[in-house]
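Asks: Just a sequence and a predicted model for now, questions to come.
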Amino acid sequence: MTVIVVSGTGTEIGKTIVTAALAAVATGQGRSVAVLKPAQTGLAPHERGDADEVVRLSGAGTATELGRFPEPLAPATSARRAGMTPVGPHRVAEAAAKLAASHDLVLVEGAGGLLVRFDEAGGTLADAARLLGAPVLVVTPAGLGTLNATALTAEALRARGLSQLGVVVGSWPASPDLAARCNLEDLPEAAGAPLIGAVPEGAGALDPDRFRAEAAGWLAPVLGGVWDAERFASAHRP
């Protein structure tokens, strides 16, 4: 896979840290990695964005941000309110393809969920994935409510003929409750795709060297790691 699109079932659920883990594993294997953030919202021009954070944690070589909009809203809304030009899916696909020509792996991290509007024409991350012909990795929370959101995201992917690479839990709690533990078995059915990782809560606060050393243990072999879904589920079975 040259390009992976990282989406989620919502916002603030761990997409950036999952993207960093993917980048850390690939970089550790000697692959050149580029991180593309199509639209960053809610940050001032001088603040570090999600792509910068991925590079800091993972050691990936390239971070690219196509648009930054000041208010913490959907990209299309934030761009409109600021009187700025939004970033549409064609521009995202063009940028990712250009990066893919000079890198072994390009990780495209979305904003919020799969169908969040990027521009006034209704373009979404799903449209960018379709233009790229790239698989989508879905990041989801661990606890109550995640099954419905995961199923809806999977349905949207299927309706658009997009390939779902699998599901990663973006922030696995140190003390998982009953819902989180049951969800380990139920998430693959809801997604119609395998569970291929679980990143521990607080991983983004780790020192970068430790983050890079541990990242492979959070991701399944399909993502370059050594995480085992069956063993993990068995260890947390209620």
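Replies: That came through, no problem.
Asks: ok so residue 80 is a helix residue?
Replies: Yes: assessed by DSSP: H, G, I helix; E, B strand; the rest coil, residue 80 belongs to a helix.
Asks: three-state assignment of the closest residue to it other than its chain neighbours?
Replies: For residue 80, ignoring the flanking residues on the chain, the nearest one in space by C-beta to C-beta, 6 or more residues apart in numbering is residue 120 at 6.8 Å. In this view, the C-beta of every residue, glycine as well, is placed from N, C-alpha and C. Here residue 120 is recorded as coil under three-state DSSP.
Asks: Could you pull up phi and psi at residue 120?
Replies: According to degrees, to the nearest 10, the main-chain angles of residue 120 amount to phi -70, psi -10.
Asks: thought it was touching residue 87?
Replies: No: counting by C-beta atoms under 8 Å, residue 120 stays clear of residue 87, with 11.6 Å between them.
Asks: re the thing from before, check contacts around the residue nearest to residue 80.
Replies: Residue 120 is in contact with 76, 80, 86, counting by C-beta atoms under 8 Å, 6 or more residues apart in numbering.
Asks: how about those residues in TSV, adding distance to residue 210, neighbour count and pLDDT?
Replies: Converted to TSV, the contacts of residue 120 look like this (distance: C-beta to C-beta, whole Å; neighbours: other C-beta atoms under 10 Å; pLDDT from 0 to 100):
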residue	distance to residue 210	neighbour count	pLDDT
76	38	24	97
80	41	16	97
86	38	23	97
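Asks: so what's the backbone phi/psi at residue 7?
Replies: The phi/psi pair for residue 7 (degrees, to the nearest 10) reads phi -120, psi -170.
Asks: Give the full set of residues in contact with it.
Replies: With C-beta under 8 Å, 6+ apart, residue 7 has these contacts: 15, 110, 113-114, 125-126, 129, 136-139, 153.
Asks: Inside helices: which ones of those?
Replies: Taking DSSP state H, the ones among those that sit in helices are 15, 125-126, 129, 153.
Asks: ok, of those residues, which one's closest to residue 198?
Replies: Residue 198 lies nearest to residue 15 out of the ones in helices among the contacts of residue 7, by C-beta to C-beta, at 14.1 Å.
Asks: any idea of the pLDDT on the closest one?
Replies: pLDDT recorded at residue 15 is 97.
Asks: I'd say it and residue 4 touch.
Replies: No: if you go by C-beta under 8 Å, residue 15 and residue 4 don't touch, sitting 11.9 Å apart.
Asks: So for the two, which sits in the more crowded spot?
Replies: Neighbours per residue, other C-beta atoms under 10 Å: of residue 15 and residue 4, the larger number sits with residue 15, 27 against 22.
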